[in-house]
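Engineer: predicted model and sequence follow; I will ask about them next.
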Amino acid sequence: RLVEDCPIVTEGVGMLGFIGRRLRVLIIEDNQHFRLLLRTVLGSMGVETIHEAHDGEHALALLKDTPVDLLIVDWKMTPLDGLSFVRKLRRDADPVKAAVPVLMVTGHADDHLLRQARDSGIDDVLAKPLSAKDLIVRISGVMSRSVPFIRCEGYAGPERRRCRDPAFTGLERRRRRNSP
């Protein structure tokens, strides 16, 4: 990650003991009842700084002056949906803001849409309906994972490869597959 100072501490922890009071979360969700559910679960984890936005445009405006450590983003919103929001975020000139972990929540979780999310720069996806346990596990995973942030033509976001084989000593598979 480009983020050098990880704000996660263990003082004043909530339910699982891995997220501290200094964690700052922005919930981007158009359904106010689901925002309340997410806020309640985050509060049970000990998170005290929780911001809310009702769509991607509102979130981009908030992020100009509001530093956060985690974004929880709904997929289907108007006028700016979750994927479009993340694409804009990942291209932000501020490398710290661009690299903030993003957990997407969606009721649309088929393989095609999951690939779209991954290719948009999402760190992880959680399907609705969700349980508090599922949310806690995904947040823990996203916040503890150390994944390089990639910026190249056509993509900006966390490295998409989930597993690396330390025993692999050959050429990168992509290069080999695309070579003449």
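Structural biologist: Looks like it came in fine. Numbers count the residues shown, from 1 in each chain.
Engineer: quick check: residue 32 vs residue 121, distance?
Structural biologist: Distance of residue 32 to residue 121, computed by Cβ to Cβ, to the nearest Å: 26 Å. Where you see a C-beta, it was placed from the backbone N, CA and C, and this is true even at glycine.
Engineer: out of the two, which sits in the more crowded spot?
Structural biologist: Set side by side, residue 32 and residue 121 show more neighbours around residue 121, with 23 against 10, by other Cβ atoms under 10 Å.
Engineer: for the closest residue to the more buried one other than its chain neighbours, grab the count of nearby residues.
Structural biologist: Nearest non-adjacent residue to residue 121, counting by Cβ to Cβ, 6 or more residues apart in numbering: residue 157, 2.5 Å away. Residue 157 is flanked by 23 other residues according to other Cβ under 10 Å.
Engineer: helix or strand for residue 157, which one?
Structural biologist: Using DSSP states H and E, residue 157 maps to strand 155-158.
Engineer: strand partners of that strand, parallel vs antiparallel please.
Structural biologist: strand 149-152 (antiparallel) (DSSP bridges).
Engineer: show me which residues of the strand it pairs with are buried.
Structural biologist: Neighbour-count burial for strand 149-152, with 16 or more other Cβ atoms under 10 Å as criterion, is recorded at residue 149.
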